[in-house]
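Peer 1: have a look at this prediction, sequence included:
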Amino acid sequence: MGGRFLSIGECMVELSQAGGGLLRKGFAGDTFNTAWYARACLPATWSVDYLTGLGDDVVSEEMIAFMAGAGVGTSAIRRIAGRTPGLYMIHLKNGERSFSYWRDTSAARALAADADHLRRAIEAVDVVYFSGITLAILPVADLETLLSELRRAKASGKLVAFDPNIRPRLWSGRETMLATISDGARAANLVMPSFDDEATHFGDVSVAATMNRYHGLGVEKIVVKNGEHGATVSFGDEPRLVPAVEAKVVDTTSAGDSFNGAFLARYLVTGDAVEAAGFGAAVAARVIGEHGALIAYEKLVE
Ligand code: AMP
């Protein structure tokens, strides 16, 4: 049986070092990366769409063509005349990566400005995915619009999946960040946090503490990712630790995003969260063995 999957957030232009002072242009962003891996891992009976805001410029057109080329539907993307996509540059110094961002005025910040558009897009699908980054980039009024549509989707029985993906520099302050992440979790029925982030920002002392906190917010299904220590799945039964798959680490970009996409793809087809976590771990291990956020489908199945 098939279905319709929608991921909501910001995809940016990525500039990475190509040697000799040259830059290579790509496209990436946490929720888009997850859509990419969900598309790669779901059968053709499922559609995968991306909802963001883009402009009417050449780079927006290129990004849309890139998404469509990967099999990700783009008809739910809002086009905003005069705006442009956000952009980030990856710097490499002595093997260490660092990032510069230009995203404060990106078109994606207006992704939830049209409440009717958002409602129609969410009503049309079975599964909705979003992250803490999606929430962080929105103006306050639009944030409320998005959260209320997500609550509506949850109440109507859709699967609403959320990765807190806590990035302090996107938020105006710590209290707002923690309160809004918690509101995001309340609007979801599946939460997929990374333990490192949760320990750093919420002060959780253990994976169990993270699980208990999100269960306490009314979330039924939780997958806590914990790097090479594996992922703990709590879906109503006893929590189960699913080991990571040993990996030759080249670049950890997108480890969590690829885990989420692969986990969701497998869970939607089999309904078995433990098996899906094993599959997510295998895909993430493959992804961190290569450079870049988006690994081609052919390389994943090798
Ligand atoms: P994280 O968000 O860092 O917890 O990572 C997400 C997922 O990627 C984990 O649940 C693992 O499956 C995988 N992963 C991350 N780091 C490693 C690693 N060093 N070795 C193997 N798997 C990893």
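Peer 2: Thanks, I have the structure now. Numbers count the residues shown, from 1 in each chain.

Peer 1: and residue 88, how many neighbours does it have?
Peer 2: By the measure other C-beta atoms under 10 Å, the count of residues near residue 88 is 16. Just so you know, the C-beta spots here come from the backbone N, C-alpha and C atoms, and that holds for glycine as well.

Peer 1: just after the strand or helix carrying it, pick out the following helix or strand.
Peer 2: Using DSSP states H and E, the element containing residue 88 is strand 87-93. Sequence-wise, the next helix or strand downstream of strand 87-93 (DSSP H and E) is strand 96-102.

Peer 1: sheet partners, orientation included, of that next one?
Peer 2: Note on strand 96-102: by DSSP bridges, its sheet partners are strand 87-93 (antiparallel).

Peer 1: off-centre distance for the strand it pairs with?
Peer 2: 20 Å (C-alpha atoms, centre = their mean, to the nearest Å).

Peer 1: what is the mean pLDDT for that strand?
Peer 2: Computed over strand 87-93, the mean pLDDT rounds to 90.

Peer 1: which parts of that strand are buried?
Peer 2: Using 16 or more other C-beta atoms under 10 Å as the burial criterion, the residues of strand 87-93 that qualify are 87, 88, 90.

Peer 1: look up how far residue 64 lies from the residue lying closest to the second one once chain neighbours are set aside.
Peer 2: What that stands for is residue 88. With C-beta to C-beta, 6 or more residues apart in numbering as the measure, residue 101 is the residue that lies nearest to residue 88, at 4.7 Å, once sequence neighbours are left out. Per C-beta to C-beta, to the nearest Å, residue 101 is found 21 Å from residue 64.

Peer 1: so which residues of this protein form helices?
Peer 2: Listed in chain order, the helices of the chain (DSSP state H) span 30-41, 58-69, 115-123, 132-136, 140-155, 174-186, 195-202, 207-216, 255-270, 273-287, 297-301.

Peer 1: got the CA positions of the fourth one in PDB?
Peer 2: Listed next in PDB are the C-alpha coordinates belonging to helix 132-136 (Å, rounded to 0.1, in the frame of the first residue of the first chain):
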ATOM      1  CA  GLY A 132      13.300  22.400  15.000                       C
ATOM      2  CA  ILE A 133      15.000  24.300  12.100                       C
ATOM      3  CA  THR A 134      11.600  24.600  10.300                       C
ATOM      4  CA  LEU A 135      10.200  26.200  13.500                       C
ATOM      5  CA  ALA A 136      13.300  28.400  14.100                       C
END
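
Peer 1: contacts for that helix?
Peer 2: With C-beta atoms under 8 Å, 6 or more residues apart in numbering as the test, helix 132-136 has contacts from 8-10, 29-31, 111, 143, 146-147, 162-167, 170-171, 177, 180-181, 183-184.

Peer 1: for the stretch 51-200 of the chain, which residue gets nearest to the ligand?
Peer 2: residue 194 (3.6 Å; C-beta to the nearest ligand atom).

Peer 1: which residues does that residue bridge with?
Peer 2: Here residue 194, judged by DSSP bridges, has bridge partners residue 225.

Peer 1: how about the contacts made by it?
Peer 2: 163, 164, 165, 224, 225, 226, 227, 256.

Peer 1: quick one on the thing from earlier: got the confidence number for the residue nearest to residue 88?
Peer 2: pLDDT recorded at residue 101 is 95.

Peer 1: what do you get for residue 296?
Peer 2: So residue 296 comes in at 87 (pLDDT).

Peer 1: residue contacts, residue 7?
Peer 2: Residues near residue 7 by C-beta under 8 Å, 6+ apart: 31, 32, 34, 35, 38, 48, 49, 50, 51, 128, 129, 130.

Peer 1: can you list these in JSON lines and add pLDDT and neighbour count?
Peer 2: Shown next, in JSON lines, are the contacts of residue 7 (pLDDT from 0 to 100; neighbours: other C-beta atoms under 10 Å):
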{"residue": "31", "pLDDT": "98", "neighbour count": "26"}
{"residue": "32", "pLDDT": "98", "neighbour count": "25"}
{"residue": "34", "pLDDT": "98", "neighbour count": "33"}
{"residue": "35", "pLDDT": "98", "neighbour count": "32"}
{"residue": "38", "pLDDT": "98", "neighbour count": "27"}
{"residue": "48", "pLDDT": "98", "neighbour count": "29"}
{"residue": "49", "pLDDT": "98", "neighbour count": "21"}
{"residue": "50", "pLDDT": "98", "neighbour count": "29"}
{"residue": "51", "pLDDT": "98", "neighbour count": "28"}
{"residue": "128", "pLDDT": "98", "neighbour count": "24"}
{"residue": "129", "pLDDT": "99", "neighbour count": "29"}
{"residue": "130", "pLDDT": "99", "neighbour count": "26"}
